[in-house]
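Chemist: Only the shape, not the letters, is given here:
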C-alpha cells in the first residue's frame, strides 16, 4: 500500500463525503456516487466501480464510510449481486455487460439472485438438468431451480443450464443472466422454519434469454460457476463486520439481561466471543492480502467458521434466555420478506440452522479444504468422463 495510492483513496473518500453528506443524501444516490468515484470495488478497473488497486484498500474505504455514518447495507441488501455477480462480471463479462449491470447492482436498484441448485442436483451442481436450447439469437430454457434466495425480489438471476447433454456433465454447461420478470419465469415461495420465504423455487417454461446475456463461451458454464461459488463463500464467510457486531452482539445483550453473573456462563460467552473475533480478524487479513481476481478455495474456511460460530452463538443465546427463548415476539407469520434487519434472537436461532447448508454445505466445505488446500485424495467420481445423458439418475 503506497502512500501515493492511499492518499488518492483518502482524497476520493473525502470528496464523496463532502459532495454527498450521508445524513442528507438518499442511499441509492450515495452508492451511485461511490461507484462513479471508483470506491465500490476498488480492485475493479476505472470506469467499472474501481480504481485498479488491490482489494485491501476497500477496508480503508468501508471503515471511513462507516465512521462517517454512511450506509454500507447495500452489500447485505444485494448480497448475491454485489458478493457474487460482480465478481463473475469482472472475471468473465464483456465491457457491455459490465456497463449495463454493475452500477445498478451496487446501488441495489436491481437485485440479483443465483440459480444453481435443482431438486436432483444439490451438492452436485454439475449434474443439473435444466436445459437451454439455441433458437436464433435467443436461448429457450426449460427446467426447475430450488432454494433460490431473494428470487421474489430479483430483477436478474445468475443461471447455469445444460446446453450439450452429449458431453461429460462439467463440459456441457453454459452460464446466463436471466431477466426474472420475463415471460416463462415463475417464482414460487419456499417457507422456512422462521415462517419466512426468502428462499424460492423457480420454474422455466420456454423462457427466452438473449444470447447477449450469455456469460463467457458456450460450454464454459462450469468455469464461470466456480467463480460464482468462490465469490459466494467469501461473501458469506469473509464479510468483515465491525468488532462485536452481528450474532455475538445478540449474545452479549442476552448475557446482560439473563446472565445473572454466572461465571460459567461468562466463560462460555468469552470463549464464543474470542472465536468469532478470531474468524473476523482472519477474514480481514485474507481480504487485505487478496489480489484482484478469482478467490481461491481458502474462502471455504471462512464460510465453515461462519456457519459453526453462528449456530453455537445463537444456541447459547437462547439457553441464556430460558423460557423467554421459547416465545416468538410479534407472532409467527408466513411472509415473503423484503428486508432482513431487526429480527429477535428467536428468529436468529432458527435462521442459523440454514447457515451450514446455504452457499455449500459444511460437509462440502470440508471436502474442498481437504482436496484443494491440503492436497488429500478426492472421493471416487465414476461419472466424471461419461456423457451426461448416459449418467443414471433417480
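Modeler: Good, I have the coordinates. Treat the numbers as computed from the prediction; the structure is a model and nothing was measured.
Chemist: domain ranges for this protein?
Modeler: Domain segmentation of the chain under automatic domain parsing yields 3-106, 112-219, 226-373.
Chemist: Residue 121: what's it in contact with?
Modeler: 127-129 (Cβ atoms under 8 Å, 6 or more residues apart in numbering). Glycine gets a C-beta too; all of them are placed from N, C-alpha and C.
Chemist: Check what pLDDT it gets.
Modeler: Note on residue 121: pLDDT of 82.
Chemist: How about residue 367?
Modeler: Listed pLDDT for residue 367 reads 86.
Chemist: Double-check that it belongs to a helix.
Modeler: Yes - counting by DSSP: H, G, I helix; E, B strand; the rest coil, one finds residue 367 located in a helix.
Chemist: Now do it against residue 381, distance only.
Modeler: Counting by Cβ to Cβ, to the nearest Å, the gap from residue 367 to residue 381 is 12 Å.
Chemist: Those two: which has the busier surroundings?
Modeler: Set side by side, residue 367 and residue 381 show more neighbours around residue 367, with 17 against 8, by other Cβ atoms under 10 Å.
Chemist: most neighbours, which of the contacts of residue 121?
Modeler: Neighbour-wise, these (other Cβ under 10 Å) top out at residue 128, 27 neighbours.
Chemist: And the helices in this structure?
Modeler: 3-19, 27-36, 57-67, 74-77, 79-80, 86-92, 95-106, 221-237, 247-258, 263-289, 299-321, 345-351, 362-368 (DSSP state H).
Chemist: Show me the one of those helices that comes nearest residue 189.
Modeler: Closest of the helices of the chain to residue 189 is helix 345-351, at 16.0 Å (criterion: Cβ to Cβ).
Chemist: Could you tell me the least trusted of the helices of the chain?
Modeler: Looking at the helices of the chain, the bottom one is helix 221-237 with a mean of 80.
Chemist: and of the contacts of residue 121, the nearest to residue 57?
Modeler: residue 128 (37.3 Å).
Chemist: Is it correct that that closest one is in contact with residue 161?
Modeler: Yes - look at residue 128 against residue 161 with Cβ atoms under 8 Å: they come within range, at 7.4 Å.
Chemist: so what sits against both of those two?
Modeler: 143, 173.
Chemist: can you tell me how far residue 48 sits from residue 384?
Modeler: From residue 48 to residue 384 the distance is 36 Å (Cβ to Cβ).
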